[in-house]
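Peer 1: Here's a sequence, model it:
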Amino acid sequence: MKERLVVDRRLRLTRLWLFLLAFVSMQLSACDINAVPKRDEAVKAAWSQVLNQYQRRADLIPNLVETVKGYARQEQQVFTQVTEARAKVAQMQLPADILTNPQAFKQFEDNQAALSGALGRLIANSENYPALKSDQNFLALQSQLEGTENRIAVARRDYIDAVQNYNLALRTIPDRWVAAILYPDAKVKENFTVSDQAQQVPQVKFQ
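Peer 2: Model prediction:
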């Protein structure tokens, strides 16, 4: 009799465990257990686009500076500021964990903001040189720079959205539970704090 009771008890426990396992599996399936890595990849893709557009801007700067120098050699201080700001951006070694490293991410953002400010002063000073404003090379470079700034704004916006979705998954249930069990190394990622307007070079209207 005792043996039968023990067997029945074990059978009930087995059924209970199977029920719980099926319930947990259904819950995990319903909440998409791959949500965290999917959103992580979306963040990485968005970040790559941000870097790509910032690099595009950096590539335009040397030709822009040389063109302006041809008409405004006395603006040496502005040229120096732009050159130094670009050098800081180029020389910064981005650590592999930059998206989860507050100090490194802020440094990257500050360097880009400084370059934006220096470029803004360079473009604004061009208003003082009518001949420069009619130079076809300058007009082409200025147009490319404005287009790049717009692409940067879009890339930053997409990155901000991707990070918000990713961070939300790590902070809300049930994705938070799934991440804790299946993706314990997942960390909240850094996001931009400077407004898009602060990052953009002022537009120049040519008459």
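Peer 1: C-alpha from now on. contacts and neighbour counts both.
Peer 2: Fine.
Peer 1: Low-confidence regions, this structure specifically.
Peer 2: Applying pLDDT under 70 to the chain picks out residues 1-9, 16-31, 194-207.
Peer 1: How about the secondary structure of residue 152?
Peer 2: The three-state label given to residue 152 by DSSP: H, G, I helix; E, B strand; the rest coil is helix.
Peer 1: my bad, residue 73
Peer 2: Classification of residue 73 using three-state DSSP returns coil.
Peer 1: what are the phi and psi values for it?
Peer 2: Dihedral pair for residue 73: phi -60, psi -20, per degrees, to the nearest 10.
Peer 1: Over to residue 95?
Peer 2: Per degrees, to the nearest 10, the backbone of residue 95 is at phi -70, psi 160.
Peer 1: can you give me the helices in the protein?
Peer 2: 2-30, 35-69, 76-91, 102-125, 130-133, 136-171, 175-182, 196-199 (DSSP state H).
Peer 1: Select, out of those, the one closest to residue 190.
Peer 2: Taking Cα to Cα, helix 102-125 is the member of the helices of the chain nearest to residue 190, at 6.3 Å.
Peer 1: Buried residues, that closest one. List them.
Peer 2: Neighbour counts using 16 or more other Cα atoms under 10 Å place 104-106, 108-109, 111-123 of helix 102-125 among the buried residues.
Peer 1: export the helices of the chain to CSV and tack on distance to residue 188?
Peer 2: Formatted as CSV, the helices of the chain follow (distance: least, Cα to Cα, whole Å):
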stretch, distance to residue 188
helix 2-30, 21
helix 35-69, 10
helix 76-91, 25
helix 102-125, 10
helix 130-133, 46
helix 136-171, 5
helix 175-182, 11
helix 196-199, 22
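Peer 1: Out of the ones you listed, which is closest to residue 189?
Peer 2: Per Cα to Cα, nearest to residue 189 of the helices of the chain: helix 136-171, 6.5 Å.
Peer 1: Packing partners of that closest one?
Peer 2: When contacts are defined as 3 or more Cα pairs under 8 Å, 6 or more residues apart in numbering; DSSP states H and E, helix 136-171 packs onto helix 35-69, helix 175-182, helix 196-199.
Peer 1: State the distance from the residue nearest to residue 92 when sequence neighbours are not counted to residue 72.
Peer 2: Nearest residue to residue 92, sequence neighbours excluded (Cα to Cα, 6 or more residues apart in numbering): residue 108, at 7.6 Å. With distances taken as Cα to Cα, to the nearest Å, residue 108 is found 30 Å from residue 72.
Peer 1: before we move on, what about residue 107?
Peer 2: 31 Å.
Peer 1: Repeat that for residue 36.
Peer 2: Residue 36 is 52 Å from residue 72, by Cα to Cα.
Peer 1: Those two - which one has more neighbours?
Peer 2: With neighbours defined as other Cα atoms under 10 Å, residue 36 and residue 72 compare such that residue 36 has more, 23 against 18.
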